[in-house]
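*Asks:* sequence and predicted structure are below.
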Amino acid sequence: MQSSHAAAAVSSAFDDPNLIAYGGLGPVVRLAERCGLPALADEHIHLPCSKDGIGAFPAAKLMSLVGGMVAGADSIEDMDRLRHGAMPRLFTGVRAPSTLGSFLRSFTHGHVKQLHAVARRLLPRLAAHTPLLPGADQVAHVDIDDTIRRTHGYAKQGTGYGYSKVNGVNALLGVVSTPLAAPVIAATRLRKGPSNSARGAAAFVAETIRTARACGASGLLVVRADSAFYGADVVGACRSLNARFSITVRMNASVKAAIAGIDDDAWTSIKYPQAVWDEEGQCWISDAEIAETTYTAFTSKPKKQQVTARLMVRRVKRLGTGAQAAGQGTLFDTWRYHAAFTDSPLSLRDAERDHRRHAVVEQVIADIKNSAFAHAPSGYFQANAAWLTLAALAHNLTRAADALASAFHARATTATIRDHLINVPARLARSARRLTLHLPERWPWSEDFSQLFRAAHAPPPTA
């Protein structure tokens, strides 16, 4: 590729009032309206009245924030991208960044809980209107994990050094997925940076399970988590809501004793379809051995909180150094063990493979950090808590739109989706009181865009 004209023969001017940079934002906003997001905002968010009108029209402000995030905004100032060119003709009620910032800063903890209620109710509606979670009536998974959103400076409320030794705030996410669908975010919590991972985890798990059930997960539902969430209260929350659990356990004395009691003939060899990076050994591994035994957990708790279930154990040979690296063998094999506590009804091989897929939540965390949650944009903690929930709303809305577009986009990252379907340049034209979006000729993903556009703008189904 090279320039087709001399530099002196090319000029630029920002002077066309009919152009927009986000042609794909129209069907996404239409989908949100069909699912009742503005009505949910008006119903559940009740900010106090004030002379400057900060708490007025919460639906318009929420839609502006979510729309900006869908288009790629990751800060309050970025919301100004919604006011260029012909955008005011395509959308009404767009608010200025200063207004949106004041709106977020007016949130208290109670108002953030109201926003959580909006998010909980929207996801089942998206699942009902789009093929968002296919197969949820057969098998679905809930994955729980937290992450540190790094911040800089000392002006932000709630920041501190947590388990990662990084200064920031702690974001807890609960995601729902099926073997056929990409994960969506069912629940969020923003906590202070030094918060323990398991703080409030039982109530959070229960909320995520209820949201998953409301989305149609009526079949087998397995809650997966790492060892930070291994506790009697989390397992109890799963069992009380008729969900299965699969949680990595800490290698304490009783777990080590249970592993030592496994007969050598009980171990079965497995080979990973793809090599796995081993942090402790600093190497790639591609095979291991698995076995299981019965284990009673939480024996220090009252009898009603003790749980007897399966202890799945995976062991990997510990690679030596020195003499072995020079070609000398070892006298006997040494192993590193990884165990998970589960009541999954699947076979050992399937249950162990299923547990390793818990890493899907890490993909969601990476995705949301690469989009709307790239920053905690406000100095106010509750404003950032609201921002996290809005980022989850934007993520789920984008996922629902992609499920309408194509099978490929239904599993792509949101960054890819924005490039292909949202950030499509368009020219707005009006004729006979109708608006027409003129899009680029030979756009590589025009068929997928058209599929999304038709589905979002179709007449509502008759009762």
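*Replies:* Structure received. Everything numeric here is computed off the predicted structure, so don't read it as measured data.

*Asks:* which residue ranges of this protein form strands?
*Replies:* 19-20, 139-150, 160-161, 167-178, 181-191, 220-225, 244-248, 268-278, 283-297, 307-317, 335-342, 426-431, 434-438 (DSSP state E).

*Asks:* those: which one's closest to Ala127?
*Replies:* In terms of C-beta to C-beta, the element of these nearest to Ala127 is strand 181-191, at 8.2 Å. C-beta here means a position set from N, CA and C on the backbone, and glycine is covered the same way.

*Asks:* least confident of the strands of the chain, on average?
*Replies:* Here the lowest mean pLDDT among the strands of the chain goes to strand 268-278, at a mean of 74.

*Asks:* coming back round to it: got TSV for the strands of the chain, with mean neighbour count and distance to Arg418 too?
*Replies:* Shown next, in TSV, are the strands of the chain (neighbours: other C-beta atoms under 10 Å; distance: least, C-beta to C-beta, whole Å):
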stretch	mean neighbour count	distance to Arg418
strand 19-20	20	14
strand 139-150	23	20
strand 160-161	14	32
strand 167-178	24	20
strand 181-191	24	15
strand 220-225	24	28
strand 244-248	24	33
strand 268-278	11	28
strand 283-297	16	33
strand 307-317	19	38
strand 335-342	20	36
strand 426-431	14	15
strand 434-438	12	17
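
*Asks:* possible to save the ones you listed as CSV with distance to Ala456?
*Replies:* Converted to CSV, the strands of the chain look like this (distance: least, C-beta to C-beta, whole Å):
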stretch, distance to Ala456
strand 19-20, 16
strand 139-150, 25
strand 160-161, 42
strand 167-178, 23
strand 181-191, 18
strand 220-225, 30
strand 244-248, 36
strand 268-278, 36
strand 283-297, 44
strand 307-317, 44
strand 335-342, 40
strand 426-431, 15
strand 434-438, 12
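
*Asks:* please list all residues in contact with Val313.
*Replies:* Residues counted as contacts of Val313 (C-beta atoms under 8 Å, 6 or more residues apart in numbering) are 259, 262, 290-293, 337-339.

*Asks:* ok, which stretches of this protein are helices?
*Replies:* 25-34, 37-44, 58-70, 87-90, 97-105, 109-129, 201-214, 232-240, 253-260, 348-356, 360-369, 381-405, 414-417, 446-457 (DSSP state H).

*Asks:* how about stretch 395-412: buried residues?
*Replies:* 395-406, 409-410, 412 (16 or more other C-beta atoms under 10 Å).

*Asks:* pretty sure Ala400 contacts Arg34?
*Replies:* No. Between Ala400 and Arg34 there is no contact under C-beta atoms under 8 Å: 10.2 Å.

*Asks:* shared neighbours of the two, which are they?
*Replies:* His129.

*Asks:* for the nearest residue to Ala455 once chain neighbours are set aside, list the residues it contacts.
*Replies:* Closest residue to Ala455 apart from its sequence neighbours, by C-beta to C-beta, 6 or more residues apart in numbering: Leu404 at 4.3 Å. Listed by C-beta under 8 Å, 6+ apart, the contact partners of Leu404 are 31, 130-131, 451-452, 455-456.

*Asks:* what sits against His420?
*Replies:* 409, 412, 444-445, 448-449.

*Asks:* on that earlier part again, tell me which of the helices of the chain sits most buried.
*Replies:* For those, the largest average neighbour count (mean count of other C-beta atoms under 10 Å) is found in helix 381-405, namely a mean of 26.

*Asks:* what number of residues lie near Leu439?
*Replies:* 16 (other C-beta atoms under 10 Å).

*Asks:* distance-wise, check it relative to Met1.
*Replies:* 22 Å (C-beta to C-beta, to the nearest Å).

*Asks:* same question for His111.
*Replies:* On the measure of C-beta to C-beta, His111 and Met1 end up 50 Å apart.

*Asks:* and for Leu404?
*Replies:* 33 Å.

*Asks:* can you check Phe57 too?
*Replies:* For Phe57 relative to Met1 (C-beta to C-beta), the value is 47 Å.

*Asks:* so for these two, which sits in the more crowded spot?
*Replies:* Using other C-beta under 10 Å, the more surrounded residue of Phe57 and Met1 is Phe57, with 17 against 3.

*Asks:* that older thread, any chance of a markdown table for the helices of the chain, columns mean pLDDT and distance to Ile144?
*Replies:* What follows is these, written out as a markdown table (pLDDT from 0 to 100; distance: least, C-beta to C-beta, whole Å):
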| stretch | mean pLDDT | distance to Ile144 |
| --- | --- | --- |
| helix 25-34 | 96 | 26 |
| helix 37-44 | 96 | 24 |
| helix 58-70 | 96 | 23 |
| helix 87-90 | 93 | 38 |
| helix 97-105 | 95 | 26 |
| helix 109-129 | 97 | 16 |
| helix 201-214 | 97 | 6 |
| helix 232-240 | 96 | 8 |
| helix 253-260 | 94 | 21 |
| helix 348-356 | 92 | 13 |
| helix 360-369 | 95 | 7 |
| helix 381-405 | 96 | 14 |
| helix 414-417 | 94 | 21 |
| helix 446-457 | 94 | 31 |
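
*Asks:* which one of those helices lies closest to Ser269?
*Replies:* helix 348-356 (10.5 Å).

*Asks:* tell me what the closest one is packed against?
*Replies:* Using 3 or more C-beta pairs under 8 Å, 6 or more residues apart in numbering; DSSP states H and E as the contact test, the elements touching helix 348-356 are strand 220-225, strand 244-248, strand 268-278, strand 283-297, strand 307-317, strand 335-342.

*Asks:* between the ones you listed, which gets nearest to Ile365?
*Replies:* Short answer: strand 220-225, nearest of the helices and strands packed on helix 348-356 by C-beta to C-beta, at 13.6 Å.

*Asks:* note down every partner strand of the closest one and its orientation.
*Replies:* strand 139-150 (parallel), strand 244-248 (parallel) (DSSP bridges).
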